[in-house]
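J.: Need the 3D shape of this:
(3 chains)
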Amino acid sequence: MKSRNELELMAKDMRRDAYKMAYNSGTKGAHLGGGMSVVEILAVLYGAIMKYDVSNPSWEERDRLIMSKGHGGISLYAALKNVGYLSQEEIDGALHGDSDYYEHPRKNIDKGIEFSGGSLGQGLSFAAGMALGLSKRSNDKSRVYVILGDGECDEGSVWEAAASVIHFGLKQITVIIDLNGLQYDGSTEHIMRLGNMRSRWESIGYDVFEVDGHDVLALQDVFRKESEKPQVVIAHTVKGKGMSFAENRVEWHTAYLTEELYRQALKELEIC
Amino acid sequence: MQEITKKNSRVWSRLGQRGTVCGVALLEILESMENAYVLTADLGHTSGLDRVMQKFPQRFINVGISEQNLVGTAAGLALDGGVAFATTFATFLTMRSYEQIRHNAGYQEANVKLIGTSAGFAIGMFGNTHYSYEDIALMRVIPNMVVVSPADATEAYLAIHQAAVYQGPVYIRLSDGLNTAIVHSESYAFEIGKAELLNQGKDIAIIAVGGVVHEAINAVEKLQALGINPTLINMHTIKPLDEAMLYELRDYRALITVEEHSIIGGLGSAVAEYMMGISHTTQLFRIGIQDKFVHPGEQGYVKSSNGLDAEGIYAYVKRVAESFGSDA
Amino acid sequence: MLEISRKNARIWSMLGMRRVVGIMLEELAGSDEHFIFATADLGRYLGAADFEDKYPGQMIDVGIAEQNLIGVSAGMQQEGFHVFAGTYATFVTARALDQIRVNLGYMNLGVKLIGAAGGLSDGNFSPTHMALEDIADIRPIPGIAIISPADGAEVVKAMYALAEYEGPAYLRLTGRANTPVIYTEDYDFKIGKAVCLKEGTEIAFVASGTIVATVQKAAAELEKKGISCKVINMHTIKPLDTQALDELEEFKLLVTVEEHMAAGGMGSAVAEYMGAKAKRPVQQIIAAGHEYPHAGEYEILLETCGLTVDGIVKKVEGRYRELQNGR
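T.: Next comes the predicted model:
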């Protein structure tokens, strides 16, 4: 168990790196909105929950994380740096020039990236395949965490995969829905209402938990819960979390930080 | 429809192909055609459809992040007598919903106009998942589909207006970006299926499409300074291909196609399929993305690292010309 | 190893390619505990009705969900399994194309796709079940091999080869039951290496799929008319055997024949390569055309599309005579 302080420090460190990457990327902008909503989720997973070995990235018993919403790339890179997969130089170079770390992460198991994200609605199927593989190898040590956006759940392919996870009894899967309530064009309610997210997953057969996706201790608790079924964690989050000027604002899905805003973001980070 | 003037072409070039199509032309089409609809998959703002949304909320449909549903819904509207313009990123439009396009547009001939944005690698650091360099190959093989890739914003403006009144499915491939180069600044006869001759040279013809046409124009200027004068053609319509124009080139030494697309299946292949049937000597070369996922980066970087900028085209054509020796 | 013999060839011909796949799935599963057969509700169709009973735990059926089929297969492949994922050619390629691009192409996971009813064989179900764009769809995605065997024996050879092949691949099945027989004894099959079935000097035929047998007959007819024909079985469409094509420079006419749209397929791949040569034959692309044919029985569709012995002979002889007259 990690303390609130430890996990919040990690999240803070990740935000600092994420801001830096976004700022370095210049005026083309980065996915700050959906990047910031997922920071605590990743901090808790990498900081307190998941098993992995940076010196042995393909360790059989590691837990796998599938970033289906590839739009959270900057926060994933920040988490991977925090735990030692990526170097500060790689973070400084990310998102511009000829870096290998662009907006949507490309699979690179040596660097802790299990899946190439960016084309939405594909990660849960992939995770189901991995979990099937684990089961067939009788590996009952590893879990597979899949992070989906709430907007991403518009894609029909998500629901093909959702059914198969239950059908195949893949208990080692935890689906995390980063429910920040916004997608590119507006609020998810306004753009495409998906019905009651909780009952939708429950009706297929998942154990569903809801949690404040920025409360690190609550996240830590929920990820430690044991179930006889595959889990869905609906994490209620704030798009653009941490930057007062970006929170809950649709235009910050992809946007760029001016020097002034970059400084302000860093300042707000130090105050909290 | 507005006139093609220097001023308009300047304004449109600033908006780019996507901005001109979504922010200007579609608005005009909705105004003049009561049965026109515009659909998107959560990319209304990013495509520049804000004015469309505000002015025509009844005929603007956002299906969320569900491209398959986008095409299905557009087809439903079209088969019910509408003209449906569906737009999202080119790669998700043509790949995620490929079967829906095949089924609805190809097989059922729904009068849909599919507008693929950020074709090629316009979207820079987003990386390969968002790049689209298979879309021409994919759309070209679907029966009944017309495939157009404009050279600049003005041509995009003309293309979408013609597509609006054309009966049948059309795929319009937009090479976007803001402040784009101008190829056309005065009125000219744009017609779907009719290629445009930009320079009459000899022996070697460059056949370009999309946003790289202006790179080819710059390359030709540099080549002329060396005394090499290739013919330059803007093949804005890849399907139906302007075979009459290609027929005129049957005795050329070489045809070199240039496209922000894979060298497999795109314009280069369409030209090869035709020319191989009538010529056994004209050499056919293809400049494009080699058969690989490119290293991502800004559009300019990816262009130059794949030989698709003026410099790369210039060097390639020069090499071909030199290989022919002094008799060329 | 299954033996390529006259007797087996006859049995496989009777069964048709789909059910030969069923036999091979069992063959491969039996020798590799990591072998997985994945399908989207078409196990029976692929001759694998008993597979699950015989090899429990080695079959995954995701139901009618082709996109999920690709994702699940890729996830298993990443976890060290060897996945052959089979369903209808048109559904696997068209419905799940983005998934194929990302999982097999971009992530380069070596899943082997099996597309049943490539071409026109199930055209009685209407164009929805015809696979006439599949080669064009897969070809531009970097890194995916495309194989279209000519007969049942070649399905066997190809599946053995694919089991050893690291990268992703698409195996395209054509024909119905009672497919023609090309091979009655063992031969050298290599992915990417075409097989010359007959030498000749004037017209070179390059074909793939069950149509190869039709082409052989058409070539024999043309020989009777005094035209010497070479016949190449281009079973691998990607990577293309460019060496075999290099040998065709001196021919008068190059004819590609395939059960696919006339655009983007094997003929297009050949045109792309041959086009760069300063000297080469004129190419005639013989394919299913540019439109969906009306639904119908396989044989009638082949007839409609001119993919019969007579159809091919007529077209090719016509073009050959034109060329002789300098056109």
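J.: where are the low-confidence patches of the stretch 1-150 of chain A?
T.: Scanning the stretch 1-150 of chain A for pLDDT under 70 picks out no residues.
J.: who in it is up against chain C?
T.: A:106-107, A:114-116, A:118-119, A:121-134, A:136-137 (C-beta under 8 Å from any C-beta of the partner chain). Glycine gets a C-beta too; all of them are placed from N, C-alpha and C.
J.: Break down the chain into its strands, ranges please.
T.: Since you didn't name a chain, this refers to chain A. A:64-67, A:144-149, A:173-179, A:182-183, A:186-187, A:207-212, A:231-236 (DSSP state E).
J.: my bad, the chain I had in mind was chain B
T.: Under DSSP E, chain B gives strands at B:36-40, B:60-62, B:83-89, B:112-117, B:146-148, B:170-173, B:196-199, B:204-208, B:231-234, B:237-239, B:254-262, B:283-289.
J.: which residues are contacting the second one?
T.: Where contact means C-beta atoms under 8 Å, 6 or more residues apart in numbering or on different chains, the residues beyond strand B:60-62 that reach it are A:185, A:191-192, B:37-42, B:44, B:49, B:52-53, B:73, B:77.
J.: Domains in chain C, by residue range?
T.: The record's domain split for chain C, according to automatic domain parsing, is C:6-172, C:195-324.
J.: What pLDDT is listed against residue 218?
T.: If you meant another chain, say so; for now it's chain A. For A:A218, the pLDDT comes out at 98.
J.: you looked at the wrong chain, it should be chain B
T.: Listed pLDDT for B:N218 reads 98.
J.: need the strands of chain B in TSV with mean neighbour count and mean pLDDT, can you?
T.: Below are those laid out as TSV (neighbours: other C-beta atoms under 10 Å in any protein chain shown; pLDDT from 0 to 100):
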stretch	mean neighbour count	mean pLDDT
strand B:36-40	25	97
strand B:60-62	19	95
strand B:83-89	28	97
strand B:112-117	29	98
strand B:146-148	27	98
strand B:170-173	29	98
strand B:196-199	17	98
strand B:204-208	28	98
strand B:231-234	24	98
strand B:237-239	24	98
strand B:254-262	28	98
strand B:283-289	24	98
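J.: Would you mind measuring from C:L245 to C:A269?
T.: 10 Å (C-beta to C-beta, to the nearest Å).
J.: let me fix that: B:N199
T.: B:N199 is 31 Å from C:A269, by C-beta to C-beta.
J.: cool, B:R18 as well?
T.: 32 Å.
J.: Then B:G265?
T.: 9 Å.
J.: Show me what from chain C comes close to chain A.
T.: C:36, C:57, C:60, C:62-63, C:65, C:67-68, C:70-81, C:98-99, C:101-103, C:106-107.
J.: Next step: these restricted to helices.
T.: C:67-68, C:70-78, C:98-99 (DSSP state H).
J.: Tell me the bridge partners for the residue of the stretch 151-300 of chain B found nearest chain C.
T.: Across the stretch 151-300 of chain B, no residue is closer to chain C than B:L284, which sits at 3.2 Å (C-beta to the nearest C-beta). The partner list for B:L284 in beta bridges (DSSP bridges) reads B:L255.
J.: hang on, isn't it packed against B:M275?
T.: Yes - using C-beta atoms under 8 Å, B:L284 is in contact with B:M275, at 5.8 Å.
J.: Mutual contacts of the two, please.
T.: Contacts common to B:L284 and B:M275, judged by C-beta under 8 Å, 6+ apart, are B:L255, C:A271, C:G275.
J.: now these as CSV including distance to B:G227?
T.: Formatted as CSV, these follow (distance: C-beta to C-beta, whole Å):
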residue, distance to B:G227
B:L255, 20
C:A271, 32
C:G275, 26
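J.: May I see the buried residues of the helix or strand harbouring C:Q243?
T.: Element membership for C:Q243 (DSSP states H and E) is helix C:242-246. Within helix C:242-246, the residues that count as buried by 16 or more other C-beta atoms under 10 Å in any protein chain shown are C:A244, C:L245.
J.: Next secondary structure element downstream of that helix?
T.: Trace forward from helix C:242-246 with DSSP H and E and the next one is strand C:253-257.
J.: Pull up the pairing partners for that following strand, direction included.
T.: Here, using DSSP bridges, strand C:253-257 pairs with strand C:203-207 (parallel), strand C:282-286 (parallel).
J.: right, and the helix or strand after the first one?
T.: Beyond strand C:203-207 in the direction of the C-terminus, DSSP H and E gives the next helix or strand as helix C:211-224.
J.: Give me the residues contacting that following helix.
T.: Contacts of helix C:211-224 (C-beta under 8 Å, 6+ apart): C:119, C:150-151, C:174, C:179-182, C:197-198, C:200, C:203, C:205, C:207, C:229-231, C:233, C:257-259, C:302, C:307-309, C:312-313, C:316-317.
J.: ranges for the helices of the chain?
T.: Since you didn't name a chain, this refers to chain A. So, for chain A - with DSSP H - the helices run A:4-24, A:32-36, A:39-44, A:73-82, A:88-93, A:123-136, A:156-167, A:188-191, A:197-204, A:216-223, A:259-271.
J.: oops, chain C please
T.: Going by DSSP H, chain C shows helices at C:6-15, C:17-31, C:51-54, C:66-78, C:89-90, C:97-99, C:134-138, C:152-164, C:211-224, C:242-246, C:266-275, C:298-304, C:309-324.
J.: Of all these, which one is nearest A:K225?
T.: helix C:66-78 (24.1 Å; C-beta to C-beta).
J.: how much space between A:Y184 and chain C?
T.: Plainly put, A:Y184 is 18 Å away from chain C if you go by C-beta to the nearest C-beta, to the nearest Å.
J.: if I pick residue 201, what's in contact with it?
T.: No chain in the question, so chain A it is. Residues counted as contacts of A:W201 (C-beta under 8 Å, 6+ apart) are A:A162, A:V175, A:V208, A:V232, A:I234.
J.: wait, I meant chain C there
T.: C:S228, C:K230, C:E250, C:F251.
J.: Please name the bridge partners of the second one.
T.: So that's C:K230. Beta-bridge pairing for C:K230 (DSSP bridges): C:A204.
J.: Mind naming the longest strand for chain C?
T.: When chain C is parsed with DSSP E, its longest strand is strand C:82-88.
J.: what about that strand, near chain B?
T.: No - using C-beta under 8 Å from any C-beta, we find that strand C:82-88 stays clear of chain B, coming within 10.8 Å at best.
J.: helices or strands next to that strand in the packing?
T.: Helices and strands touching strand C:82-88, by 3 or more C-beta pairs under 8 Å, 6 or more residues apart in numbering or on different chains; DSSP states H and E, are helix C:17-31, strand C:35-39, helix C:66-78, strand C:112-116, helix C:152-164.
J.: Run through who's touching that strand.
T.: C:21, C:25, C:28, C:32, C:34-42, C:45-46, C:48, C:66, C:69-70, C:73-74, C:76-77, C:92, C:110-117, C:122, C:129, C:131, C:159, C:162-163.
J.: can you rerun that using 7 Å?
T.: Applying C-beta atoms under 7 Å, 6 or more residues apart in numbering or on different chains, the contact partners of strand C:82-88 are C:21, C:25, C:32, C:34-40, C:42, C:46, C:66, C:69-70, C:73, C:76-77, C:111-117, C:129, C:163.
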